[in-house]
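Trainee: Quick check, what structure comes out for this input:
(2 chains)
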Amino acid sequence: MDAAFFRAWIAESAAVVESQRDHLTQLDAAIGDADHGINLARGFDAVTAALDQAATPTPGSVLKLAGSTLISKVGGASGPLYGMALRQAGKALGDALDVDAGALAGALDAALAGVQKLGAAQEGEKTMVDALAPATSALAVALAEGASPADALSALAAAAEAGAQATISMQALKGRASYLGPRSVGHEDPGAASTALILRALRDVALRQAR
Amino acid sequence: MKKLINSPDTVVADALAGVAAAHPSLAVDIENKVITRSGGATAGKVGLVSGGGAGHEPLHGGFVGYGMLDAACPGEVFTSPVPDQMLAATKAVDGGAGVLHVVKNYTGDVLNFQMAAELAEDEGIEVVPVVVNDDVAVQDSLYTAGRRGTGATVFVEKIAGALAERAVPLGEVAATAREVNDRSRSFGIALTSCTVPAAGKPTFELGEHEIELGIGIHGEPGRTRAPLATARDITAAALDAIDADMPLTGDLLVMVNGMGGTPLIELYLVYNEVHKYLAAKGARITRNLVGNYITSLEMQGFSVTVCRLTDSLTDLWDAPVQTPALRWGR
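Mentor: A predicted model of the protein is given here:
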């Protein structure tokens, strides 16, 4: 997977966030402040513009630029959290021109660690961690069992989606939804939902390339 | 959605242009969304920077000026600003004595200010953050992101701002800011929801005869819903919640704050109820504010914030202030 692959992932993420913009905002209206889809779409627009303008010859440089741009442009909690995730992933990939699925798995682990360090969230607290953590575990398991990169990323995306769905029955303990207490139960966490979308975009790009 | 806007995408920039045109005492960087005093940094004075989502006006930009903030950075509506803005504001107001960040306890604000403080320190500017968390509606802060920062932000910015004008060191300004926060509590009530311009529809739905108790300032739902009651009963519910957390005794600074869509006649009516409630408890309101100071767009409703004053806090409250939204004594 080269820089073009990672640029394609970001482009696919931008497209899916734009198409799900209102859905994400609606999820946020139920338990937050009704801006998640709006902010993330704005952020990915800025990332797309930044990637159009700067040279990003390595996978790491693509993700670092995307992360820095999200931190600079989005605001809210999602800007720093997604920005940190992508920056940490980019740093983990170093200067390699081409990375394998194992390196990508390591980068996503670094992304998870970055999110958890900044947001101090654990699994089960109804946040993006509930999509990201099971996804990275599923990816590691699939690769250990010898799955192809495309199959392993399919497992990643499926686990992220299942994780996002599992937030419906959780009570939020972090983020703005936590102020609702038990009333946060019954709603999908918007951050977990957008994480699942972005990881599904990763799978879709990998499947397209495998064909 | 009915709003006086040109386009949902340009609301903040268009409003900042209006602030710039109306207030020559302020320097407004519309592109980067930073409001500073037009005189620039004051040498040897601690700089005060705050910021947060737009939609709470006059907070924070309306409190930039002598005796209060040195800079404010608004984000998009109800969205915290970004570290770049906060860094630009911090650099602009650093007079060599360091900079205090006044941060409302909302996850986005806290995370972005944390990153900005790290960036500023990399550039050799000492930054101390003070996190305001006065909202008693959040009962069990162990199981949440903690109490939200609401009305006490106005008190912290005024009192710490007054102290900073006396050229005291950063540590002392921060300690006083924390003291104000520790001695202050708030509770908010919504009669209606509000509409984020970019979202185009109300953040939450309230029935014709329903109110939301314990709201924050971003239109986020609160602690519980209840049927509409008299101003007397609603005010008592708010003050009971505060009193249960911090007994209401002694000399008090009280703010009855409109959420943006509440007529002053109702705010004064509520103030009367607050006054009677506190008098019955034997507490004295020695200073007060009635009006729109920390709003939630066009939401109908109010919040009440109480600070237990000391003589020195009263002295700092009375000190001169010259900002678009608060001005006296100069």
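Trainee: OK, contacts around residue 78?
Mentor: I went with chain A, as the question did not name one. A:His36, A:Asn39, A:Leu40, A:Gly43, A:Gly191, A:Ser194, B:Gly108 (CB atoms under 8 Å, 6 or more residues apart in numbering or on different chains). Quick note: C-beta positions are derived from backbone N, CA and C, even for glycine.
Trainee: please go with chain B instead
Mentor: Applying CB under 8 Å, 6+ apart, we find B:Phe78 in contact with A:Asp33, A:Ala34, A:Asp35, B:Gly53, B:Ala54, B:Gly55, B:Val196, B:His218, B:Gly219.
Trainee: I'd assumed the first one was in a helix, is it?
Mentor: No - with DSSP: H, G, I helix; E, B strand; the rest coil as the criterion, A:Asp33 is assigned coil and is not in a helix.
Trainee: neighbours of it, just the number please.
Mentor: Per other CB atoms under 10 Å in any protein chain shown, the neighbour tally for A:Asp33 reads 28.
Trainee: Next, work out how far apart it and chain B are.
Mentor: A:Asp33 sits 4 Å away from chain B, going by CB to the nearest CB, to the nearest Å.
Trainee: Cross-check the contact I'm expecting between that residue and A:Arg176.
Mentor: Yes - between A:Asp33 and A:Arg176 there is a contact at 6.1 Å, judged by CB atoms under 8 Å.
Trainee: ok, which stretches of chain A are helices?
Mentor: A:3-19, A:21-31, A:36-53, A:59-73, A:78-93, A:101-119, A:129-144, A:149-166, A:190-210 (DSSP state H).
Trainee: Comparing these, which comes out most buried?
Mentor: A comparison of the helices of chain A by mean neighbour count, using mean count of other CB atoms under 10 Å in any protein chain shown, puts helix A:78-93 on top with a mean of 26.
Trainee: ok, of the contacts of A:Ser78, which one's closest to B:Thr42?
Mentor: B:Gly108 (29.7 Å; CB to CB).
Trainee: Kindly report the domain assignment for chain B.
Mentor: Listed domain ranges for chain B are B:9-182, B:184-309 (source: automatic domain parsing).
Trainee: what about the longest one, distance to the chain center?
Mentor: Taking CA atoms, centre = their mean, to the nearest Å, one finds the center of domain B:9-182 at 10 Å from the center of the full chain.
Trainee: now do the same end-to-end measure for that domain.
Mentor: One end of domain B:9-182 to the other measures 38 Å (CA to CA, to the nearest Å).
Trainee: What of stretch A:175-184?
Mentor: Start-to-end span of stretch A:175-184 (CA to CA) is 11 Å.
Trainee: Identify each buried residue in that stretch, please.
Mentor: Neighbour-count burial for stretch A:175-184, with 16 or more other CB atoms under 10 Å in any protein chain shown as criterion, is recorded at A:Gly175, A:Arg176, A:Ala177, A:Ser178, A:Tyr179, A:Leu180, A:Gly181, A:Arg183, A:Ser184.
Trainee: try stretch B:272-288
Mentor: Those buried within stretch B:272-288 under the rule 16+ other CB under 10 Å are B:Glu273, B:Val274, B:Tyr277, B:Leu278, B:Ala283, B:Ile285, B:Arg287.
Trainee: With mean pLDDT as added columns, please give the helices of chain A in JSON lines.
Mentor: Rendered in JSON lines, the data for the helices of chain A read as follows (pLDDT from 0 to 100):
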{"stretch": "helix A:3-19", "mean pLDDT": "97"}
{"stretch": "helix A:21-31", "mean pLDDT": "92"}
{"stretch": "helix A:36-53", "mean pLDDT": "95"}
{"stretch": "helix A:59-73", "mean pLDDT": "95"}
{"stretch": "helix A:78-93", "mean pLDDT": "95"}
{"stretch": "helix A:101-119", "mean pLDDT": "96"}
{"stretch": "helix A:129-144", "mean pLDDT": "98"}
{"stretch": "helix A:149-166", "mean pLDDT": "97"}
{"stretch": "helix A:190-210", "mean pLDDT": "96"}
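Trainee: picking up where we left off before, relative to B:Ala41, which of the contacts of A:Ser78 is nearest.
Mentor: Among the contacts of A:Ser78, B:Gly108 lies closest to B:Ala41 (CB to CB), at 27.0 Å.
Trainee: so that closest one is in which element?
Mentor: Element membership for B:Gly108 (DSSP states H and E) is helix B:107-122.
Trainee: Specify which member of the buried residues of stretch A:175-184 is nearest to chain B.
Mentor: Using CB to the nearest CB, A:Ser178 comes nearest to chain B of those, at 3.8 Å.
Trainee: Ignoring the adjacent residues along the chain, who's closest to that closest one?
Mentor: With CB to CB, 6 or more residues apart in numbering or on different chains as the criterion, A:Ser178 has its nearest non-adjacent residue at 3.8 Å, and that residue is B:Thr144.
Trainee: pretty sure that neighbour is touching B:Ala137, no?
Mentor: No - contact criterion CB under 8 Å: B:Thr144 and B:Ala137 do not qualify, at 10.4 Å.
Trainee: Now do the shared contacts for those two.
Mentor: A:Tyr179.
Trainee: So which of the two has more stuff around it?
Mentor: Taking neighbours as other CB under 10 Å, B:Thr144 and B:Ala137 compare with B:Ala137 leading, 25 against 21.
Trainee: Can I take it that that one is in a helix?
Mentor: No - B:Ala137: not assigned to a helix; according to three-state DSSP it is coil.
Trainee: any idea how far B:Val132 is from the closest residue to it other than its chain neighbours?
Mentor: Nearest non-adjacent residue to B:Ala137, counting by CB to CB, 6+ apart: B:Gly214, 3.0 Å away. B:Gly214 sits 17 Å away from B:Val132, going by CB to CB, to the nearest Å.
Trainee: Compare those two and say which one has the larger neighbour count.
Mentor: Counted by other CB under 10 Å, B:Gly214 and B:Val132 do not tie: B:Val132 has more neighbours, with 29 against 23.
Trainee: What's the separation between that one and B:Arg183?
Mentor: To B:Arg183, B:Val132 is 12 Å away according to CB to CB.
Trainee: Let me know the pLDDT of B:Val138.
Mentor: B:Val138 is assigned 79 on the pLDDT scale.
Trainee: Would you confirm that it contacts B:Thr144?
Mentor: Yes - when contacts are counted by CB under 8 Å, B:Val138 is listed as touching B:Thr144 (5.5 Å).
Trainee: any common contacting residues for these two?
Mentor: In contact with both B:Val138 and B:Thr144: A:Tyr179, using CB under 8 Å, 6+ apart.
Trainee: okay, now B:Asp315: neighbour count?
Mentor: Neighbour count of B:Asp315, defined by other CB under 10 Å: 13.
Trainee: So what sits opposite B:Arg284 in the bridge?
Mentor: Taking DSSP bridges as the rule, B:Arg284 bridges to B:Asp251.
Trainee: My guess is B:Arg185 contacts B:Val138. True?
Mentor: No - assessed by CB under 8 Å, B:Arg185 is found out of contact with B:Val138, at 11.2 Å.
Trainee: ok, these two, which is more surrounded?
Mentor: Ranked by neighbour count (other CB under 10 Å), B:Arg185 and B:Val138 place B:Arg185 first, with 27 against 22.
Trainee: pLDDT value on the residue nearest to B:Ala137, please?
Mentor: 91.
Trainee: Touching, it and B:Arg223? I think so.
Mentor: Yes - at 3.0 Å, B:Gly214 counts as touching B:Arg223 under the criterion of CB under 8 Å.
Trainee: okay, and the common contacts of these two?
Mentor: B:Ala137, B:Val138.
Trainee: near chain B, which residues of chain A show up?
Mentor: Residues of chain A lying close to chain B by CB under 8 Å from any CB of the partner chain are A:25, A:29, A:31-35, A:38-39, A:42, A:71-81, A:118-119, A:172-176, A:178-181, A:183.
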